[in-house]
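J.: no sequence for this one, just the structure:
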């Protein structure tokens, strides 16, 4: 009986416990842990680490371009945006010249190729800026050269003021060591003969170009030689006045001949016509001269007016040396009438018949007027004669020179 009661109590206790367990609440599931290496709900991946540079981020999402995190071996950069105008493109590669995308504040053009000879030099060797003279890149069909500097005085004038063409005479840019000047035109008759026929040197008498323009005296001729016995004297003025016939020492002179008393020649203000008395070079020295200059035809006016300069013995009696005469012909040179003759009393009243010694200024010219009213309107010729008589024994003679003859234009003034 006692045993049976014990069994009942035990059975009853067990039943009560089972009843209590059956009625107890269920325990919650354990929380999801990103980084535990187990891919669970709401996780795209879980590689068990906190590395944000691999394919699975520490947030258990798969790495992608634009997430702001650089994936090793897959992305070069990742700035977390989709802009293609900054340093990191939306493809997560660094922007570069030649990628076809213009990077703000860095590039002004990008045509997506590696050509450096077009209007937008791109690629590893390009600039991704519009082609310009001086960028060091030769643009096809536009530039012949580009040495990448701003120098305009070398063989490839470049930069903002350059041409990016090979330096040539006439381009207006002075090539250092080669050109002394370049005025940018093809004219060979100015102060800097340029162009394909020019010398790119400052114009000088003897360079073969007749200077007519620019500062300094004009030239009437330039035959590139130093001869004074051809049609173009060594001073680049004609050796005669057109239409005149001359012999002896008559011609165009830059200044009077030197003498024993004045061995250093001083030029006249401008070239003039005259004779040096046939003084021989080297000076001093001398030769006899009996010479003449005959003009072309002209219409005779009321008077013959001109200016005269001489340094010699005058030719007027009682000193019959260095005589001078001026004659008129109205029959084409068949006969001559004397208007002035330093060797004849009465016809020797002119300043050029007087003795003038050394020291005369080259600006001290005599004004001469000879009446010709008896021949007004006729066609005439003049003959100027000079006769040294001796060989210039005085040692001071420098010749006889004329200027301002109306109606007679020396070729250097035409």
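T.: Happy to help now that I have it. Please read these numbers as outputs of a predicted model, since none were measured by experiment. Residues are numbered from 1 along each chain as shown.

J.: in what helix or strand does residue 273 lie?
T.: strand 272-275 (DSSP states H and E).

J.: meant to ask about residue 145
T.: Using DSSP H and E, residue 145 sits within no helix or strand.

J.: Give me the nearest residue to it, chain neighbours excluded.
T.: Computed as CB to CB, 6 or more residues apart in numbering, the closest residue to residue 145 that is not its neighbour in sequence is residue 156, at 3.9 Å. Using the backbone N, CA and C atoms, a C-beta is placed for each residue, glycine as well.

J.: The one you found and residue 106: what is the separation?
T.: Using CB to CB, to the nearest Å, we find residue 156 at a distance of 28 Å from residue 106.

J.: Equivalent analysis for residue 255, please.
T.: To residue 106, residue 255 is 70 Å away according to CB to CB.

J.: Of these two, which one has the most company?
T.: residue 255 (17 against 14; other CB atoms under 10 Å).

J.: Surely the more buried one is within a strand?
T.: No. Judged by DSSP: H, G, I helix; E, B strand; the rest coil, residue 255 forms no part of a strand; its state is coil.

J.: does it really touch residue 267, like I thought?
T.: Yes. Under the criterion of CB atoms under 8 Å, residue 255 makes contact with residue 267 at 3.7 Å.

J.: Now do the shared contacts for these two.
T.: Residues touching both residue 255 and residue 267 (CB atoms under 8 Å, 6 or more residues apart in numbering) are residue 362.

J.: Sketch out the helices for this protein, chain order is fine.
T.: For the chain, the helices defined by DSSP state H occupy 2-22.

J.: I'd like the distance between residue 357 and residue 395.
T.: 10 Å.

J.: Mind listing the shared neighbours of those two?
T.: When CB under 8 Å, 6+ apart defines a contact, the residues bordering residue 357 and residue 395 alike are residue 261.

J.: ok, the residue nearest to residue 145 to residue 166 distance?
T.: Distance of residue 156 to residue 166, computed by CB to CB: 6 Å.

J.: quick one: contacts for the spatially most central residue of the chain?
T.: By CA atoms, centre = their mean, the chain has its centre lying nearest to residue 173, at 2.1 Å. Neighbouring residues of residue 173 by CB under 8 Å, 6+ apart: 152-153, 157, 161-163, 167, 182, 184.

J.: ditto for residue 314
T.: Residues counted as contacts of residue 314 (CB under 8 Å, 6+ apart) are 321-322, 342, 352-356.

J.: Would you state the predicted confidence (pLDDT) at residue 318?
T.: On pLDDT, residue 318 comes in at 82.

J.: Same check on the one 10 residues further on?
T.: The predicted local confidence for residue 328 comes out at a pLDDT of 97.

J.: does it have beta-bridge partners, and which?
T.: On the basis of DSSP bridges, residue 328 is bridged to residue 337, residue 382.

J.: Please tell me I have it right and it contacts residue 339.
T.: Yes. The pair residue 328 / residue 339 is scored as a contact, 5.6 Å apart, by CB under 8 Å.

J.: shared neighbours of those two, anything?
T.: Shared contacts of residue 328 and residue 339 (CB under 8 Å, 6+ apart): residue 372.

J.: pretty sure residue 37 contacts residue 50?
T.: No. In this structure residue 37 lies outside contact range of residue 50 using CB under 8 Å: 11.8 Å.

J.: Pull the number of nearby residues for the residue nearest to residue 145.
T.: If we define neighbours as other CB under 10 Å, then residue 156 has 23 of them.

J.: Mind jotting down where the strands sit in this structure?
T.: 245-246, 250-253, 272-275, 290-294, 298-299, 303-311, 323-329, 337-341, 366-371, 379-387, 399-403 (DSSP state E).

J.: ends of stretch 50-63, how far apart?
T.: Terminal residues of stretch 50-63 are spaced 13 Å apart (CA to CA, to the nearest Å).

J.: residues in contact with it?
T.: Stretch 50-63 has contacts (CB under 8 Å, 6+ apart) with 34-35, 39, 43-47, 49, 67, 69-72, 74.

J.: ok, 10 Å please
T.: 32-36, 39-40, 42-49, 64, 67-75, 78 (CB atoms under 10 Å, 6 or more residues apart in numbering).

J.: And that stretch, what's buried?
T.: Within stretch 50-63, the residues scored as buried using 16 or more other CB atoms under 10 Å are 52, 54, 56-58, 60, 63.

J.: Equivalent analysis for stretch 186-203, please.
T.: Residues of stretch 186-203 classed as buried: 187-188, 190, 192-195, 198-201, 203 (neighbour count, 16+ other CB under 10 Å).

J.: Check stretch 314-326 too.
T.: By 16+ other CB under 10 Å, the buried positions in stretch 314-326 come out as 314-316, 319, 321-326.

J.: likewise stretch 354-362?
T.: When burial is assessed from 16+ other CB under 10 Å, stretch 354-362 yields the following buried residues: 354-356, 360, 362.

J.: again with stretch 148-163
T.: Residues of stretch 148-163 classed as buried under the neighbour-count rule (16+ other CB under 10 Å) are 151-152, 154, 156-159, 162-163.

J.: which residues touch that stretch?
T.: Residues contacting stretch 148-163 (CB under 10 Å, 6+ apart): 132-138, 143-147, 164-168, 171-179, 182.

J.: Return the members of those classed as buried.
T.: For those, a burial check counting by 16+ other CB under 10 Å picks out 132-135, 137-138, 143, 145-147, 164-165, 167-168, 171, 173-175, 179, 182.
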